[in-house]
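S.K.: Take this sequence and fold it.
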Amino acid sequence: MAAIDHLVFAAPDLDPATAAVGALVGVSAAAGGPHPGIGTRNTLLSLGDEVYLEIIAPDPDQPEPANPRPFGIDDLSAPRLVAFAVHPTQGETIDDVIAAMRDCGEDFGDVAPMSRLTPDGEQLHWSLAFPAAGLTDGAALVPFVIEWGDTTHPATVTPAGCTLVSMSATHPDPDRIGALYNSIGLGTAVSVSAGDTASLQAVLSSPKGRVTLR
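M.R.: All right, here's what the predicted structure looks like:
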């Protein structure tokens, strides 16, 4: 049904966050590009064939966006792992994945076209759908859904050397989140346990050994 597409590590300032991740894993993330109208920009680091890490922060070269930046970025005082995206597996579509999550009671917004310009001038296009409640709480355990279509997957063209080993989450209602993950085929990819707050953790294999992002 779905597979992990990328992890979102959000920060108040992109350059120091990118440097901190590079020091932790021993690989430097490459510039991705700005997200026009959203007020953010990113750097990217491959974590395998079809999974990558996105480091995202406000873009000082854009005006203040009309709406709050996603992932609770405007309220962050330090970098943290805040969300993750899934993509449809072969034979499935973004609508299939959204339908499965809606069947679990999750309310999703419409699929929207997105784009950004890479540093070398290539225009990338993809489709994206967010939970209707948005991704502003800083630890979104309901994944958003992305479909790349004909665009080259970022994991194949960004710095390599790290792989995603495991992901885990805590939530006040772990049974609900666990059932959601099972419904889209993530039951063995993300373990869920009870916790007072929602949180994400990822273990990476890197040139510096196994490291953890929280």
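S.K.: So which bits of stretch 145-156 are buried?
M.R.: Val145, Ile146, Glu147, Trp148, His153, Pro154, Ala155 (16 or more other C-beta atoms under 10 Å). Any C-beta I mention is one placed from the backbone N, CA and C, and that applies to glycine too.
S.K.: in this protein, which spans are strands?
M.R.: 2-10, 30-35, 40-46, 52-58, 80-88, 112-117, 123-129, 144-147, 163-171, 190-194, 199-206, 209-213 (DSSP state E).
S.K.: Return the set of buried residues in the helix or strand of the chain with the lowest mean pLDDT.
M.R.: Least confident helix or strand of the chain, by mean pLDDT, DSSP states H and E, is strand 112-117 with a mean of 84. Buried residues in strand 112-117, counted by 16+ other C-beta under 10 Å: Arg116.
S.K.: How far off centre is it?
M.R.: 15 Å (C-alpha atoms, centre = their mean, to the nearest Å).
S.K.: Listing partners with orientation, what would you give for that strand?
M.R.: In the sheet, strand 112-117 lines up against strand 123-129 (antiparallel) (DSSP bridges).
S.K.: Need the residues that contact the partner strand.
M.R.: Here strand 123-129 makes contact (C-beta atoms under 8 Å, 6 or more residues apart in numbering) with 33, 94, 98, 108-118, 144-152.
S.K.: Can you tell me which of the buried residues of stretch 145-156 is nearest Tyr181?
M.R.: Tyr181 lies nearest to Val145 out of those, by C-beta to C-beta, at 13.3 Å.
S.K.: Can you check what pLDDT the model gives the closest one?
M.R.: Reported pLDDT at Val145 in the predicted model: 97.
S.K.: Renumber starting at 59 from here on
M.R.: In the new count, where the first residue is 59, that last one comes out as Val203.
S.K.: Can you name the residues that contact it?
M.R.: Val203 touches Ala60, Ala143, Val144, His145, Pro146, Ile152, Val155, Ile156, Met159, Phe166, Leu186, Ala187, counting by C-beta under 8 Å, 6+ apart.
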